[in-house]
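Chemist: model this:
(2 chains)
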There are 2 protein chains.
Amino acid sequence: MIKSFHPPLRTLMGPGPSDVHPRVLAAMARPTIGHLDPAFIGMMDEIKQLLQYALRTDNPLTMPVSAPGSAGMEACFVNLVEPGDKVIVCQNGVFGGRMKENVERFGGVALMVEDVWGTAVSVDKVRALMEQHDDIKILAFVHAETSTGVCSDAQALCRLARDYGCLTVVDAVTSLGGIQLEVDQWGIDALYSGTQKCLSAPPGISPVTFSERALSKVGKRTNRIPSWFLDKTLVMGYWGEGQQRAYHHTAPVNALYGLHEALVMLQEEGIENAWQRHALHHQALRDGLEAMGLKMSVAADIRLPQLNSVSIPEGVREAEVRGHLLDAYGLEIGAGLGALAGKVWRIGLMGTSCTRRHVMLCLDALENTLIEQGADVASGRAAVAAAAVYAGAK
Amino acid sequence: MIKSFHPPLRTLMGPGPSDVHPRVLAAMARPTIGHLDPAFIGMMDEIKQLLQYALRTDNPLTMPVSAPGSAGMEACFVNLVEPGDKVIVCQNGVFGGRMKENVERFGGVALMVEDVWGTAVSVDKVRALMEQHDDIKILAFVHAETSTGVCSDAQALCRLARDYGCLTVVDAVTSLGGIQLEVDQWGIDALYSGTQKCLSAPPGISPVTFSERALSKVGKRTNRIPSWFLDKTLVMGYWGEGQQRAYHHTAPVNALYGLHEALVMLQEEGIENAWQRHALHHQALRDGLEAMGLKMSVAADIRLPQLNSVSIPEGVREAEVRGHLLDAYGLEIGAGLGALAGKVWRIGLMGTSCTRRHVMLCLDALENTLIEQGADVASGRAAVAAAAVYAGAK
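Modeler: Here you go, the predicted structure:
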């Protein structure tokens, strides 16, 4: 007989999920009600408003897809890409590659702009490719690359796309709530995000937003969208305006309770305050890591505060370090992915996991673990350096 | 400022979601851990085992899709249907129509077998169509039609499909946990279900299982599966065997805690005992409704115990009745869908909502509401009739 599952106590400082606040966990446990209950419809409207606030957009099509970020990505591409469409896909980490897969599976032609993992998307390369082709339909890129910790210049890329008359699809899974993100001001056309990064709700839901321009392209399609579940023209019958909602699918009621509560907390803090909080704790973590003798692997001007890639010193048995952090401290940090496997750790400071407590725990645990392994790191300096940042911020 | 959401207290006796047990709600609120945490991987293995138990199958590809039942449906069709494939789709309610949409969006040719809403799929009509075509690849049907309350003969349909050398795709959203369902014994090839019906976990997850025959068809595809998120050949890298799981998408951690607990409870009760419980309370509800003077709208031999379609008496203002039940009793029952809108109510007795308390509350609330509206129903007889069933069952 299999028994009830009780998770071990963890502190989540990997690439997501981040720690979920007790307020959000409590919301998840509220009694399930019907997905067509008038009270639930009212809560859906609030989620839309809260997402519009967090994404800085007035787009009427702003809603959570009832599935993880990967499905949010698919929702953008399956609706917008028609067979034969040329799509520029920027790849500077894992998730650009996944975008390419999406474009090709829906019959599009992916024109790749490749940059070294750990660097930003080159706006110049994108411009050069747009000059070569006069029929690019979509520019797709990742704002905050979760696999490397790099921020690309979403504003410049969106301006470029407008100049050349194409739509943008932006992966904002890790950026939403952690760094500035301006859907309307930057002119983003389609965007998907996740709940388990800087919003700190449990994973499983993907906020998306489509501009009028994006909806117009969907409306002009001459062939059917190769998905029923993700067809935005159908989903909006359920998530649209008014009390008469057409049943499309059964919404994940309790997961939406959790997202609602996480968004209420973000609204209480204020989105700009949240961005500042991520910047502050990032500085403290960075100064602490550098005082220890470790090196940030991403250049300072393109670093994500919420996802810190740290170069693994030579000779360190990195999987052992992560295993020890998990076993002895209950602390999860992320391994490198793909080209960066074994070369970096990814330390998340996302949402509820972005506090002074998290920074100090991580510095202390990492320092002691590395010293136990005989690595060449300075002892006792990290905490002092981080504390100095907090003192200066007062 | 938008405030925290506190749902009203409801008793859920519609077509799903059903009431979620406090044990499952408590599981939903356990701290989120990483989707690659060894403890989480261990829990995933337990979910697979528990689903194999509930579905009566040894299929290694048995897992929960990280999205609602509609996505589980899509997972079956997007993997199995290749362009040009002929698929027999049986339609005797809303969900057969959705299957047709799926087949066509993935390039298949849907050959429809239509039966009147409220009747079962005709095995003879399916056989006749198989006789006419020698290249049918798949037979798709709904085991328990949630829109009408009808049970079709899954065993006979699967046997027929085997005789004619085609695969089966079975919608078991409402059947799993409520009535007999035998994946291996009946030879079902691909099946999807939902969590929010007779399993009584919150909505948002869709258990699926694929037989070796189904996997073999997927493996022989010559074109790419038009979905990345639902591509079973990729998902199984994460849900497959061993501790080295490839990251595919971030699993909905807390939703899976909830499903795990619901499946543990089903295992504790025993699946056959759960079927018997649904049969017993259905009898009590039926006898109560009939004693009141109401009529079941589905023939006795094809009625689903877990979803009771009741004919609405002439002159009754049915939306008012449902509104009054919700406002005065906190009781949700379902409206008719599609062709049955305004003609039937759908009263669910699913999972945690399938108890004597639910039956008695529903009979009492419905009787009083109808009498207040001046409808011609017998007073005081329903509870007596239901109680007699329970007395006889002892």
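Chemist: now A:P203. Nearest residue, chain neighbours left out?
Modeler: Nearest non-adjacent residue to A:P203, counting by C-beta to C-beta, 6 or more residues apart in numbering or on different chains: A:Q196, 3.7 Å away. Heads up, the C-betas are built off the backbone N, CA and C, glycines and all.
Chemist: please save the CA atoms from stretch A:159-176 in PDB.
Modeler: The C-alpha coordinates for stretch A:159-176 follow below in PDB (Å, rounded to 0.1, in the frame of the first residue of the first chain):
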ATOM      1  CA  ARG A 159      11.100  48.200 -31.700                       C
ATOM      2  CA  LEU A 160      13.100  46.500 -34.500                       C
ATOM      3  CA  ALA A 161      10.200  44.100 -35.200                       C
ATOM      4  CA  ARG A 162       7.800  47.000 -35.500                       C
ATOM      5  CA  ASP A 163      10.200  48.700 -37.900                       C
ATOM      6  CA  TYR A 164      10.200  45.700 -40.100                       C
ATOM      7  CA  GLY A 165       6.500  45.100 -39.800                       C
ATOM      8  CA  CYS A 166       6.600  41.800 -37.900                       C
ATOM      9  CA  LEU A 167       5.000  40.500 -34.800                       C
ATOM     10  CA  THR A 168       6.900  39.500 -31.600                       C
ATOM     11  CA  VAL A 169       6.600  36.400 -29.500                       C
ATOM     12  CA  VAL A 170       8.300  36.900 -26.200                       C
ATOM     13  CA  ASP A 171       9.200  34.300 -23.600                       C
ATOM     14  CA  ALA A 172       8.800  36.000 -20.300                       C
ATOM     15  CA  VAL A 173       8.700  32.900 -18.100                       C
ATOM     16  CA  THR A 174      11.400  34.100 -15.800                       C
ATOM     17  CA  SER A 175      11.200  37.800 -16.200                       C
ATOM     18  CA  LEU A 176       7.600  38.500 -15.100                       C
END
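Chemist: so which bits of it are buried?
Modeler: Buried residues in stretch A:159-176, counted by 16 or more other C-beta atoms under 10 Å in any protein chain shown: A:160-162, A:164, A:166-176.
Chemist: next: stretch A:336-343.
Modeler: In terms of neighbour count (16+ other C-beta under 10 Å), stretch A:336-343 has its buried residues at A:G336, A:L337, A:L340, A:K343.
Chemist: Provide the secondary structure category for the residue nearest to A:P203.
Modeler: Under the three-state scheme (DSSP: H, G, I helix; E, B strand; the rest coil), A:Q196 adopts coil.
Chemist: which one of the buried residues of stretch A:159-176 is nearest A:C362?
Modeler: Nearest to A:C362 among the buried residues of stretch A:159-176: A:T174, at 18.0 Å, using C-beta to C-beta.
Chemist: wait, the closest one touches A:T146, no?
Modeler: Yes: counting by C-beta atoms under 8 Å, A:T174 does reach A:T146; the two are 4.6 Å apart.
Chemist: any common contacting residues for the two?
Modeler: Here A:T174 and A:T146 have A:P15, A:G16, A:K197, A:L307 as joint contacts, going by C-beta atoms under 8 Å, 6 or more residues apart in numbering or on different chains.
Chemist: neighbours of the third one, just the number please.
Modeler: Residue crowding around A:K197 was assessed by other C-beta atoms under 10 Å in any protein chain shown; the count is 30.
Chemist: residue contacts, it?
Modeler: By C-beta under 8 Å, 6+ apart, the neighbours of A:K197 are A:15-18, A:146, A:173-174, A:176-178, A:306, A:348, A:350-351.
Chemist: turn those residues into CSV, including secondary structure.
Modeler: CSV is the format used below for the contacts of A:K197 (three-state DSSP):
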residue, secondary structure
A:P15, coil
A:G16, coil
A:P17, coil
A:S18, coil
A:T146, coil
A:V173, coil
A:T174, coil
A:L176, coil
A:G177, coil
A:G178, coil
A:Q306, coil
A:G348, strand
A:M350, coil
A:G351, helix
